[in-house]
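I need the structure of the sequence given here:
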Amino acid sequence: MPRAATPLNDTQLRNAKPTAMEYVLSDTGGLGLRIRPNGSKDWVFRYQKPHTTKRAKLSLGSYTNGMTLKQARDTRDSYLTLLADNIDPQGYRADTRQQAALDTESTLLAISKKWFEVKRSTITGDFALDIWRSLDRHIFPIIGSRPIGEITAPMAITAIEPVAARGNLETVKRLCQRLNEIMTFAVNTGVIHHNPLAGIKAKFANPIKQHNPTLEPNQLPLLMETLHRASIKLPTRVMIEWQLHTMVRPGESAGTRWDEIDLDEMTWTIPPERMKKKREHVVPLTAQTAALLDVMRPISGHLAHVFPSQRDPSRHANGGSPNVALKRMGFQDTLTAHGMRALASTTLNEQSFDYDVIEIALAHIDKNETRRSYNHAKYLPQRRVMMEWWSQHIVDAATGNMSMAATTRGLKAIN
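Now for the predicted structure:
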């Protein structure tokens, strides 16, 4: 009959010396301390695989690097429990490590990054930045490190509730939408089987829909006079006028590049990647908008962007700068940079310009692909006439020399 193993003690472990050959000091239950010729000591667990007579050995950890006798025995006991249930500890450990690796690769943050790489190809850079910042600020610090398969509706709601408590219901709405997009992406890529967050928006109140504040057409002179008297930096003032004349969105205006401008053809071509709808947009330039470029050329003509960032001239100005300036000018509740597009639209519609021409000038996309392509090409001459009228109207509203667009190029009234 084989002799039963005698439990080891800490003194034996400390005093065990290396020899020319590797040897093992046996504890109970298959546990042993392996001493190598180089002096290292590590724990091993010897057992018989379930359903077979094959012997196996697992390394549990290093005594030299701090794994105590108690810790080794606790690990051995957990493996003996698995064996009692006919589970091979070696296979179990491999499966556990594989699952841990999958969990690390499949956290909400990790999957969100993969989703975002796809998402950002369909939206503008500024919008992409806004999306990621909202998630990074409100969601990832709370549940970003969790495996996405463990995310539940209550978890997501808990993360969003502080935003709702501050009354930021529009942000709440967007966070719900973005989390649902991420979950749908995870379902479609086989990471999870269903989207558990489909109904979380029902937990929160809907934001009150607010249109961007804008002025009435007869208030354009007030805007131009206030802009003339405002204590703001010249590039910001020119950027506000540039957006007003061209009728583009604030981000599209702020990102204007010199290489997008063709003064021979008098056009500004915004590439698809900078447009909200990812379609190239051609803006007919006028003598007035060309005059605004003349103002900026000594400031930024040697740079990539017409309106460079003050902090980093290699980047474009912040698209939110006009809004900040308008608030300081007293238009906090009456006009936003985006609202200037509505001002242009209302004025042009009142002047009976063709509705389709106005919509194309605003880069509003017709849902009919054939009609959209046809109108885009057909209406360029009409748009040029309309844009010339609009630019002259702005300068006229400025009365005198209040408009930067009226400072050069010998402008004259357009019939």
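
buried sites along the helix or strand hosting K113?
Using DSSP states H and E, K113 falls within helix 108-119. Buried residues in helix 108-119, counted by 16 or more other Cβ atoms under 10 Å: 108-112, 114-116, 119. Placement of C-beta: from N, CA and C, glycine included.

Equivalent analysis for stretch 342-355, please.
For stretch 342-355, burial by neighbour count (16+ other Cβ under 10 Å) applies to 342-345, 347-348, 353.

what do you get for stretch 293-309?
The neighbour-count check on stretch 293-309 (16+ other Cβ under 10 Å) flags 293-296, 300, 303, 305-309 as buried.

Kindly export it (C-alpha atoms) in PDB.
C-alpha atoms of stretch 293-309 as PDB (Å, rounded to 0.1, in the frame of the first residue of the first chain):
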ATOM      1  CA  LEU A 293     -11.900  85.600 -48.700                       C
ATOM      2  CA  ASP A 294      -9.900  88.700 -49.500                       C
ATOM      3  CA  VAL A 295     -10.200  89.800 -45.900                       C
ATOM      4  CA  MET A 296      -9.000  86.400 -44.600                       C
ATOM      5  CA  ARG A 297      -6.200  85.800 -47.200                       C
ATOM      6  CA  PRO A 298      -3.500  87.900 -45.300                       C
ATOM      7  CA  ILE A 299      -4.500  86.000 -42.100                       C
ATOM      8  CA  SER A 300      -4.700  82.400 -43.300                       C
ATOM      9  CA  GLY A 301      -3.800  82.300 -47.000                       C
ATOM     10  CA  HIS A 302      -0.600  80.400 -46.100                       C
ATOM     11  CA  LEU A 303      -2.600  77.800 -44.100                       C
ATOM     12  CA  ALA A 304      -4.900  75.000 -45.100                       C
ATOM     13  CA  HIS A 305      -8.100  76.500 -43.600                       C
ATOM     14  CA  VAL A 306      -9.700  79.800 -44.300                       C
ATOM     15  CA  PHE A 307     -10.700  80.000 -40.600                       C
ATOM     16  CA  PRO A 308      -7.800  78.500 -38.600                       C
ATOM     17  CA  SER A 309      -7.900  77.600 -34.900                       C
END
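
Among the buried residues of stretch 293-309, which pair sits farthest apart?
The most widely separated members of those, counting by Cβ to Cβ, are D294 and S309 (21.3 Å).

related to what we said a few turns ago, and which of the buried residues of helix 108-119 is nearest L380?
Lowest distance from L380 to the buried residues of helix 108-119 (Cβ to Cβ) belongs to K119, with 31.8 Å.

Contacts for stretch 186-203 next, please.
For stretch 186-203, contacts defined as Cβ atoms under 8 Å, 6 or more residues apart in numbering pick out 106, 111, 114-115, 148-149, 151-153, 156-157, 160, 173, 176-177, 179-180, 183-184.

change it to 10 Å
Stretch 186-203 has contacts (Cβ atoms under 10 Å, 6 or more residues apart in numbering) with 102, 105-106, 108, 110-112, 114-115, 118, 147-157, 159-161, 164, 172-173, 175-177, 179-185.

now those: which count as buried?
By 16+ other Cβ under 10 Å, these give 106, 108, 110-112, 114-115, 147-149, 151, 153, 155-157, 159-160, 164, 172-173, 175-176, 179-183, 185 as buried.

Which of these fall in helices?
Among those, the members falling in helices (DSSP state H) are 108, 110-112, 114-115, 153, 155-157, 159-160, 164, 172-173, 175-176, 179-183, 185.

can you count the residues close to the residue lying closest to L179 once chain neighbours are set aside?
Distances taken as Cβ to Cβ, 6 or more residues apart in numbering put L197 closest to L179, at 5.3 Å, once the chain neighbours are dropped. When neighbours are defined as other Cβ atoms under 10 Å, L197 has 19 of them.

Where in this structure is the helix or strand with the lowest mean pLDDT?
Across the helices and strands of the chain, mean confidence by mean pLDDT, DSSP states H and E is lowest for helix 369-378: a mean of 54.

still on that earlier bit, the residue nearest to L179: which element?
Using DSSP H and E, no helix or strand contains L197.

Point out the other helices and strands that the helix or strand that contains T226 packs with.
Element membership for T226 (DSSP H and E) is helix 220-229. Applying 3 or more Cβ pairs under 10 Å, 6 or more residues apart in numbering; DSSP states H and E, one finds that helix 220-229 contacts helix 234-246, helix 321-326, helix 339-350, helix 380-398.

Pull the residues that contact it.
Residues from elsewhere that reach helix 220-229 (Cβ under 10 Å, 6+ apart): 215-216, 219, 236-237, 240-241, 244, 325-326, 329-331, 334-335, 340, 343-344, 347, 393-404.

and the angle for that helix with helix 380-398?
Angle, helix 220-229 to helix 380-398, by axes from the mean of the first three to the mean of the last three Cα atoms, to 10 degrees: 70 degrees.

begin at 35 from here
OK, 35 is where the count begins now, so the last one is helix 254-263.

re the thing from before, so which of the helices and strands packed on helix 254-263 gets nearest S287?
When the helices and strands packed on helix 254-263 are compared by Cβ to Cβ, helix 268-280 sits nearest S287, at 3.9 Å.

Buried ones in that closest one, by neighbour count?
Under the neighbour-count criterion of 16+ other Cβ under 10 Å, helix 268-280 has 269-280 buried.

next structured bit after that helix?
Criterion used, DSSP H and E; the element after helix 268-280 is helix 284-288.

Now for the residue lying closest to R418 once chain neighbours are set aside: which residues touch it?
Closest residue in space to R418, ignoring its immediate chain neighbours: P318 at 4.0 Å, by Cβ to Cβ, 6+ apart. Residues near P318 by Cβ under 10 Å, 6+ apart: 280, 299-302, 395, 414-422, 425.

was I right about Q253 contacting T368?
Yes - between Q253 and T368 there is a contact at 8.3 Å, judged by Cβ atoms under 10 Å.

All set, thanks.
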